[in-house]
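Enquirer: quick one: sequence plus predicted model below, questions after.
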Amino acid sequence: MTRLRRYAQADCPEAIRAQIIQLMRLEWPASFRPGVPQWPTEAAELNPVSFVLSISDLVVCHAAVVSKSIAHVGSQYLAFGICAMVTAPKFRRRGFGRLVFEDATKYMEQERADIGVFTCDEALQRFYECSGWSVSTRAPLIGGTRKKPFRSDELGKVTLLNLFSDRARAARKAIVSAPIQIELGEGKLW
């Protein structure tokens, strides 16, 4: 039986959490170094929520949604992002990732996000565009900290954007005209 569930990361059952970590290890082995916390995937102040698709008791797909208030082009916005999106290799190209991503997007709308923004590798761009997100070429994401910022486009990443609120849609021209800085911590990027 296929099930799609949401968990606040702090409340995720241990058996599910262990499988998510295993999927992440397979996809991003370099991220798992001694001394680097394995869970939660994001800091508690970002309100991380895990979206988990399982078949029977096997986790086959995961995405985390995080959120933060940001200042951008003279206004405050509630920004949401996606991170740790992964599907087990033998379950890819079956629509599971799309189900998880669309549920995550729906969650952002329900939580009254102004802006949805995150980065991905160029090879995944079309996947996210097919779910209604747009590539933002003039507004790359700036991660890290104010003292140690870094640009997503300098890492070869594509920035994806979705303007959810009426206020954000009305300010589209301004929003997409400047890099979007989200202070996430040293070396961090959505």
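Expert: Okay, I see it.
Enquirer: show me the helices in the chain, by range?
Expert: 14-27, 96-110, 125-129, 166-170, 172-175 (DSSP state H).
Enquirer: of those, which is nearest Val158?
Expert: Taking C-beta to C-beta as the criterion, helix 125-129 is the member of the helices of the chain that comes nearest to Val158, at 4.9 Å. For glycine as for every other residue, the C-beta is placed from the backbone atoms N, C-alpha and C.
Enquirer: show me what that closest one is in contact with.
Expert: Identification of contacts with helix 125-129 by C-beta atoms under 8 Å, 6 or more residues apart in numbering yields 97-98, 101, 120, 135, 158, 160.
Enquirer: let's go with 7 Å and repeat that
Expert: 120, 135, 158, 160 (C-beta atoms under 7 Å, 6 or more residues apart in numbering).
Enquirer: what about the first one, how many neighbours?
Expert: Around Cys120 there are 19 other residues, counting by other C-beta atoms under 10 Å.
Enquirer: how about the nearest residue to it, chain neighbours excluded?
Expert: Val158 (5.6 Å; C-beta to C-beta, 6 or more residues apart in numbering).
Enquirer: tell me the contacts of that neighbour?
Expert: With C-beta under 7 Å, 6+ apart, Val158 has these contacts: 119-120, 122, 125, 135.
Enquirer: just name the most buried of the helices of the chain.
Expert: When you average the neighbours per residue for each of the helices of the chain (mean count of other C-beta atoms under 10 Å), helix 96-110 leads with a mean of 18.
Enquirer: which helices and strands does it pack with?
Expert: For helix 96-110, the packing partners by 3 or more C-beta pairs under 7 Å, 6 or more residues apart in numbering; DSSP states H and E come out as strand 2-8, strand 49-55, strand 58-72, strand 75-87.
Enquirer: again, only this time at 6 Å
Expert: Here helix 96-110 touches strand 49-55, strand 58-72, strand 75-87, going by 3 or more C-beta pairs under 6 Å, 6 or more residues apart in numbering; DSSP states H and E.
Enquirer: what does that helix contact?
Expert: Contacts with helix 96-110, where a contact means C-beta atoms under 6 Å, 6 or more residues apart in numbering, come from 4, 51, 53, 60-61, 63, 65, 80, 87, 116, 131, 164.
Enquirer: the same query, at a cut-off of 8 Å, please.
Expert: 4, 6, 49, 51-53, 60-63, 65, 80, 82, 85, 87, 116, 127-128, 130-133, 162, 164.
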